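Participant: Following is a predicted model, sequence given first.
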Amino acid sequence: MASDRRLPKWKLGIWSCIAIVLLSLVPQINLWVKRGVNWQGAYATLHGDEFLYSGYLNALIEGRSRRNDPFTGSDLKKSLPETTFSIQVVPSFAISSLARAFRVSASTAFIMLAAVSALLAALSVFWLLLMITGDERLAATGVIFVLCLGTFVAEQGLLGLILNRDLLIFGFPFLRRYQPAAVFFLFFLFTGLVWRALMVESKRSALQWSTLAGITSALLVFSYLYLWTAALAWLGCLAVLWVLLNPRGNRSDALRVFVVIGILTGLSLIPYGYLVSHRAHTLDSAQTITATHAPDLLRFPEIIGIVVVALFGIAWSKGKVVLNDPRVPLLLGFALLPAIVFNQQILTGRSMQPFHFEDFIANYVSLVSVVMLVNILWKNIPKRVLVWTAALSLLVGVIEMDLPVRAYYQADSVKDEAVPVMKRLSQLPSRDPGDGSTALVFSSRSEIMLTLPTWAQQGTLLGIGSLDFGTATHSERKDLFFAYLYFSGADTKYLRELFDGKSDDSFLKYYVRSAIFGHERALPSLSSHFQPIQPPEIERAIKEFEHYSQVFSQQEALQNRLTYLITRADNEGDLSRVDRWYQRSSAERVGPYNLYRLSLRS
């Protein structure tokens, strides 16, 4: 068998890995080149959610508790409940520990993580394919094919734009930092370790590989929900197929492998279950858990997997393949995984944002099954086929990685420009001198509100991540947003423009719907029972904000007491409402921004 052959050299695999790493750095290189000597240290955005993770990472680097909210600073005054951030600790603590050891910022850590995670992902996929196929050329081509086409199969990026989908991702989905980027490779490492455990002759070696696979599975449990659940679904499917087909005639030895892995994984689920039971009560809403038994049969990765199974079945019926080939259970396990994860709710009655499977793992797994099917059915693949496949896949990868450049560069430039003033804030007290509460920062530039927690410990008035960190209910998030609009000098006309998508602020155009009506009403993909926001609801929200602005009092000002104000020096905007309730210090000029200290008027 292929696994028993001497492994070829990794020369082609290394070149594939280099290609993936270079593609991962395209947005950052673009930011470096265009900002030139004016670059201040910001990372180039690869996914719209990354600011949440970099803010949380910075809090850990600064020594704050695992249960923190970097956007409101609530953890500085009280103990917080568990959240997905505090439970999935492996990537955050690994990165923050390394960042502290090398004394680098969260932003620098994110820049490095893009390259490192791309390298680890490429190496793990190459290692897995090389073990299974024994063909270095196919494995190297498979790395580029799988990682470059994952966005396309998820119906995001370029295909999402063509189909006018609810677009969530530009670029390569697996590169979203730090989840799943930092731990994406663990899934393929896990599958490779299971394969090794099943293929070795020695029982002692099988136990060792099984133990390593179990430890990797445990790490996945505390890394990313959609990776470890997909890994367990694949393992269960593989176990059933392996026992039924018994390809090596060692059913009892195989069962021993699955039992060892299952025990180690089960042990890790005990503390995991305890932490989940202490999660914030707002998380069920944040994660949009839907009660349903309806099948989900039309996702692209699922269709690819079913086609792979069908083609294999046709080849088997014609006697071109045999079922006692050890690669067969592995192939079928990968091909069937998308159908399993997208339809588990038929039995469980619960579905939670299945698009995460589609974007971050099922898409890649389905492509791995394609590579494996080619290996089984096509004995001698012509070199020109592999070269063209790699070249076309790279072309798609270049196009996909150009999209985040176009989507995020302008906002990234604003964020980078503001880095000096945010670094200055990191040198100032994180508590308000008046009452000792968490110091809150206000700026009418949403880019600063998004990025500030990545550089400083103060909270922000907008409190963007408060739902994810379990520190605010939907009603409280709406009040924070209204307060932000109020101090920004916004009126009902501006709020209507946000709803109509006529503002230049791309983030607020989305966030206005999420904050006021809930994120499940803002993005169709978050719920299987999406309810579009109706015009009468928007009108009521606008009137509610108008009333809020009219009756705003010192009580509201005290409820979210501002400590610092950041304005653009050449365009400070309307500060009349800030000045009504606060006394501004003299401006401290930091780069193109003014920094003020605020004190409540008596």
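Facilitator: Alright, I've got the coordinates.
Participant: how near is residue 433 to residue 493?
Facilitator: Distance, residue 433 to residue 493, by Cβ to Cβ, to the nearest Å: 37 Å. The C-beta positions use only the backbone N, C-alpha and C, and glycine is treated the same way.
Participant: now do residue 334
Facilitator: From residue 334 over to residue 493 (counting by Cβ to Cβ), the distance is 54 Å.
Participant: What of residue 85?
Facilitator: Between residue 85 and residue 493 the computed distance is 37 Å (Cβ to Cβ).
Participant: go on, residue 367?
Facilitator: Shown here: residue 367 relative to residue 493, a distance of 48 Å by Cβ to Cβ.
Participant: which one of the two has more residues nearby?
Facilitator: Taking other Cβ atoms under 10 Å, residue 367 and residue 493 do not tie; residue 367 has more neighbours (26 against 8).
Participant: show me what contacts the closest residue to that one other than its chain neighbours?
Facilitator: Nearest residue to residue 367, sequence neighbours excluded (Cβ to Cβ, 6 or more residues apart in numbering): residue 146, at 4.4 Å. Residues near residue 146 by Cβ atoms under 8 Å, 6 or more residues apart in numbering: 125, 364, 367-368, 371.
Participant: Dump the C-alpha coordinates for the strand or helix carrying residue 146 into CSV.
Facilitator: Element membership for residue 146, per DSSP states H and E: helix 136-153. The C-alpha trace of helix 136-153 is given here as CSV (Å, rounded to 0.1, in the frame of the first residue of the first chain):
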residue,chain,number,x,y,z
GLU,A,136,4.4,13.7,-4.4
ARG,A,137,3.2,15.4,-7.6
LEU,A,138,-0.5,14.8,-6.8
ALA,A,139,-0.1,15.8,-3.1
ALA,A,140,1.7,19.0,-4.1
THR,A,141,-1.0,19.8,-6.7
GLY,A,142,-3.7,18.8,-4.1
VAL,A,143,-2.4,21.4,-1.6
ILE,A,144,-3.0,24.2,-4.1
PHE,A,145,-6.2,22.7,-5.4
VAL,A,146,-7.7,22.3,-2.0
LEU,A,147,-6.6,25.6,-0.3
CYS,A,148,-7.1,27.9,-3.3
LEU,A,149,-10.6,26.6,-4.3
GLY,A,150,-12.0,26.4,-0.8
THR,A,151,-13.5,29.9,-1.1
PHE,A,152,-15.2,28.9,-4.4
VAL,A,153,-16.7,25.7,-3.0
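Participant: average pLDDT across the longest helix anywhere in the chain?
Facilitator: The single longest helix within the chain, with elements called by DSSP state H, is helix 383-417. Helix 383-417 comes out with an average pLDDT of 96.
Participant: May I see the buried residues of it?
Facilitator: Buried residues in helix 383-417, defined by neighbour count with 16 or more other Cβ atoms under 10 Å: 386, 389-390, 393-394, 396-397, 400-405, 407-409, 411-417.
Participant: For the chain, give me the ranges with low pLDDT.
Facilitator: Low-confidence segments of the chain, defined by pLDDT under 70: 1-8, 166-167, 282-288, 526-528.
Participant: So which elements touch the helix or strand where residue 452 lies?
Facilitator: Per DSSP H and E: residue 452 is located in helix 446-455. Judged by 3 or more Cβ pairs under 8 Å, 6 or more residues apart in numbering; DSSP states H and E, helix 446-455 is in contact with helix 50-61, helix 106-133, helix 383-417, helix 419-426, strand 440-442, strand 459-460, helix 506-517.
Participant: just checking, what packs against the shortest one?
Facilitator: With contacts taken as 3+ Cβ pairs under 8 Å, 6+ apart, strand 459-460 sits against strand 440-442, helix 446-455.
Participant: what about the helices in the stretch 451-600 of the chain?
Facilitator: For the stretch 451-600 of the chain, the helices defined by DSSP state H, counting those that start in this stretch occupy 474-487, 492-500, 506-517, 519-522, 535-551, 554-559, 576-581.
Participant: In PDB, list the C-alpha atoms belonging to the fourth one.
Facilitator: Right, helix 519-522. Written as PDB, here are the backbone C-alpha positions of helix 519-522 (Å, rounded to 0.1, in the frame of the first residue of the first chain):
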ATOM      1  CA  HIS A 519     -27.600  40.100  14.000                       C
ATOM      2  CA  GLU A 520     -29.900  37.300  12.900                       C
ATOM      3  CA  ARG A 521     -32.100  40.000  11.200                       C
ATOM      4  CA  ALA A 522     -29.000  41.600   9.600                       C
END
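Participant: Determine how far it lies from the middle of the whole chain.
Facilitator: 18 Å (Cα atoms, centre = their mean, to the nearest Å).
Participant: Equivalent analysis for the fifth one, please.
Facilitator: In terms of Cα atoms, centre = their mean, the gap separating the centre of helix 535-551 from the centre of its chain is 34 Å.
Participant: That helix: which residues count as buried?
Facilitator: Within helix 535-551, the residues that count as buried by 16+ other Cβ under 10 Å are 538, 541-542, 545, 548-549.
Participant: now swap in the second one and tell me
Facilitator: Of the residues in helix 492-500, those buried by neighbour count under the rule 16+ other Cβ under 10 Å are 495-499.
Participant: Which residues does stretch 25-35 contact?
Facilitator: Stretch 25-35 is contacted from outside by 39, 42-46, 111, 114-115, 118, 171, 398, 401-402, 404-405, 408-409, 412-413, 416, using Cβ under 8 Å, 6+ apart.
Participant: if you set the cut-off to 6 Å instead, what comes out?
Facilitator: 39, 44, 111, 115, 401, 404-405, 412, 416 (Cβ atoms under 6 Å, 6 or more residues apart in numbering).
Participant: now, which of the residues you listed sits nearest residue 231?
Facilitator: Comparing the contacts of stretch 25-35 against residue 231 with Cβ to Cβ picks out residue 115 as the nearest, at 24.7 Å.
Participant: circling back to that earlier point, quickly note the distance from the residue nearest to residue 367 to residue 124.
Facilitator: Residue 146 is 11 Å from residue 124, by Cβ to Cβ.
Participant: go on, residue 165?
Facilitator: Residue 165 sits 29 Å away from residue 124, going by Cβ to Cβ.
Participant: Please identify which of the two sits among more neighbours.
Facilitator: Per other Cβ under 10 Å, whichever of residue 165 and residue 124 has more neighbours is residue 124, with 20 against 15.
Participant: Enumerate every residue touching that one.
Facilitator: Per Cβ under 6 Å, 6+ apart, neighbours of residue 124: 185, 188-189.
Participant: ok, now residue 357?
Facilitator: Neighbour list for residue 357: 226, 341 [criterion: Cβ under 6 Å, 6+ apart].
Participant: Just the terminal-to-terminal distance for stretch 70-86.
Facilitator: Start-to-end span of stretch 70-86 (Cα to Cα, to the nearest Å) is 12 Å.
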